[in-house]
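Give me a 3D structure for the following:
(one chain, ligands or ions: 1)
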Amino acid sequence: MSDSAHSHGDQQDPPFEVQFAQRVYRLPPYMFGRINALLYEKRVAGNDVIDMGMGNPSDPPADYVMEKMCEAVKDVRNHGYSKSNGIRNLRREVAAKYLKKYGVRLDPESEVMVCLGSKEGFSHMCLAMMGPGDTAIVPAPYFPVHTYAVALASGNVISLDVANSEKFLSNIAYTCEHLYPKPKLLIICYPHNPSTVTVEPEFFVDVVKIAKKYGLMVISDFAYADVAFDGYKPPSFLSAPGASDVGVEFTTMSKGYNMAGWRVGFCAGNKEMIRGLGTIKGYYDYGMFQAIQIASIIALREGDAAVEAQSLIYQSRRDALVDGLVRLGWDVTPPRAGMFVWAKIPEEWQKRMSTMDFAMMLLEKGDVAVSPGSGFGPSGEGYLRLSLVENENRLRQAVRQIKGCLKEAEAESITA
Ligand SMILES: Cc1ncc(COP(=O)(O)O)c(C=O)c1O
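Numbers count the residues shown, from 1 in each chain. Sure, this is the predicted structure:
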């Protein structure tokens with residue numbers, strides 16, 4: 001058929017236009033785009049960039065987990081669609097871990113769900129709970145998913161500063177008193193990414209009180225449950241009395257178990273919220289590859305020693321990086337948990353350039369990739385997030401390269 005067959009008389013069809021849904025336009029430009037593009041360019045050019053950008057674990061899962069995976073892959077029974085909410089034995093293993101580690105009793109049938117990574121579960125939970133006109137309270141600076149999953153679900157976000165936990169709680173109460181209609185959802189995340197703020201168990205008791213008083217549903221993102229230092233044990237939100245009446249908690253195999261690419265996460269807690277998540281998931285996915293679920297059972301059942309050993313590795317890396325930065329004169333508080341250092345950019349550099357430009361300069365001149373705090377919202381301005389996925393020697397080398405880069409930039413500014 002010729003082109004003219006599509007035209008009406010002499011008139012040509014208008015150029016075809018792809019039109020995204022409004023929800024896509026609600027998303028901001030990707031803040032790490034500039035950094036990632038330069039990182040890619042550097043890599044293509046053969047530069048050895050020390051990458052402290054993403055929290056993507058570089059160590060392998062335990063041998064017995066990988067062996068179980070290989071064995072399960074060879075079992076022909078594991079290749080069909082699995083159950084959307086996860087196989088029973090995996091849900092039971094999650095419940096067993098909650099009981100052993102946090103003293104929390106969960107019904108694996110109705111209070112635990114397997115997700116394709118906690119990010120998937122979190123986003124779909126927002127889709128199940130939020131809609132136009134609904135508001136969620138999100139800690140600031142924010143892990144991008146916390147804000148944008150709400151935006152994608154057509155909800156509105158109020159960001160409250162997470163740095164001081166007492167103030168955070170009183171700001172939540174104030175917002176609930178004064179906003180109309182009241183916020184519907186509270187998102188919390190401890191150990192917090194990116195700020196590394198941690199809390200004690202009593203904090204969650206207060207969260208439950210506030211949630212009950214104002215009818216707020218709670219989602220606790222507990223991604224860094226398994227990565228903690230110096231004897232600190234991150235508490236679970238679900239261990240607060242009545243927590244399961246008001247909310248759920250997401251955990252993951254990505255961080256403590258080095259299984260980020262496997263995409264294994266869990267949602268536990270409030271039955272009704274989990275039922276809502278299950279309804280959405282039932283339309284979107286057919287569950288996780290069963291071989292992965294079987295290997296995850298073994299990882300959970302036998303993983304305590306491996307998880308502890310991994311935390312010690314992060315702890316040594318934290319010490320190497322924090323010591324180095326402090327020697328450069330930076331104001332850095334060593335984190336008690338998580339995979340990041342949240343470092344304040346020295347005042348003299350903050351006066352000269354934006355956080356984004358500072359991070360770009362470290363990459364450009366120093367071959368060191370970090371996440372600018374401003375990528376986590378305006379309250380991250382003035383900070384860098386440095387992840388602990390490189391080994392200790394490379395982290396020490398990164399500090400030397402940062403020092404060299406700043407010296408060079410200083411000299412340039414004097415001669416300019
Ligand atoms: C706070 C937080 N929540 C969730 C996730 C996503 O974890 P998952 O791999 O389980 O999707 C991350 C990953 O970086 C994270 O930092």
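
Give me the local confidence score for the most centrally placed residue in the chain.
Most central in the chain under C-alpha atoms, centre = their mean is Phe143, positioned 5.8 Å from the mean C-alpha point. Predicted confidence (pLDDT) for Phe143: 95.

again with the one 10 residues further on
The pLDDT attached to Ala153 in the predicted structure is 96.

show me what contacts Val104?
98, 236, 238-239, 268 (C-beta atoms under 8 Å, 6 or more residues apart in numbering). Yep, even glycine has a C-beta here, placed from its N, CA and C like the rest.

Relative to Gly324, which of those residues is nearest.
Minimum distance to Gly324 across those is 32.9 Å, recorded for Ser236 (C-beta to C-beta).

Phi, psi for that closest one please.
Main-chain dihedrals, Ser236, degrees, to the nearest 10: phi -90, psi 140.

near the ligand, which residues of this structure show up?
55, 117-119, 143, 189, 193, 221, 223, 252, 254, 260, 265 (C-beta under 6 Å from any ligand atom).

Next step: those restricted to strands.
The members of these that map onto strands under DSSP state E are 221, 252, 265.

Count the residues that sit near Val65.
By the measure other C-beta atoms under 10 Å, the count of residues near Val65 is 23.

Wait, it touches Val264, no?
No - using C-beta atoms under 8 Å, Val65 is not in contact with Val264, being 10.8 Å away.

Between those two, which contacts overlap?
Common contact partners of Val65 and Val264 (C-beta under 8 Å, 6+ apart): Ser296.

Any idea how far apart the tips of stretch 342-350 sit?
15 Å (C-alpha to C-alpha, to the nearest Å).

Quick check: mean pLDDT of the strand or helix carrying Arg317?
Using DSSP states H and E, Arg317 maps to helix 304-327. Here helix 304-327 scores 98 as its mean pLDDT.

From the chain's centroid, how far away is that helix?
On the basis of C-alpha atoms, centre = their mean, to the nearest Å, helix 304-327 sits 19 Å off its chain's mean C-alpha point.

go on, stretch 25-36?
In this view, stretch 25-36 has its centroid 16 Å away from the chain centroid, taken as C-alpha atoms, centre = their mean.

For that stretch, give the mean pLDDT please.
Mean pLDDT, stretch 25-36: 83.

Format the ones in strands among the residues of the chain next to the ligand as JSON lines; extra columns: neighbour count, distance to Ile313 and pLDDT.
Below are those laid out as JSON lines (neighbours: other C-beta atoms under 10 Å; distance: C-beta to C-beta, whole Å; pLDDT from 0 to 100):
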{"residue": "Asp221", "neighbour count": "26", "distance to Ile313": "23", "pLDDT": "98"}
{"residue": "Thr252", "neighbour count": "26", "distance to Ile313": "18", "pLDDT": "98"}
{"residue": "Gly265", "neighbour count": "22", "distance to Ile313": "22", "pLDDT": "98"}
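
Going through the contacts of Val104, which ones are buried?
98, 236, 238-239, 268 (16 or more other C-beta atoms under 10 Å).

Counting only helices, which of those residues make the cut?
By the criterion of DSSP state H, membership of the buried ones among the contacts of Val104 in helices covers Tyr98.

ok, the buried ones among the contacts of Val104 vs the ligand, which is closest?
Taking C-beta to the nearest ligand atom as the measure, the ligand lies nearest Ala268 of the buried ones among the contacts of Val104, at 13.5 Å.

Tell me the bridge partners for that closest one.
Beta-bridge partners for Ala268, by DSSP bridges, are Val112, Glu249.

of all the buried ones among the contacts of Val104, which two lie farthest apart?
Spanning the widest gap among those are Ser239 and Ala268, at 11.4 Å by C-beta to C-beta.

hang on, the earlier thing: just the residues contacting the helix holding Arg317, thanks.
Identification of contacts with helix 304-327 by C-beta under 8 Å, 6+ apart yields 59, 62, 226-230, 256-258, 299, 332, 334-335, 339, 341, 343, 386, 388, 390-392, 395-396, 398-400, 402.
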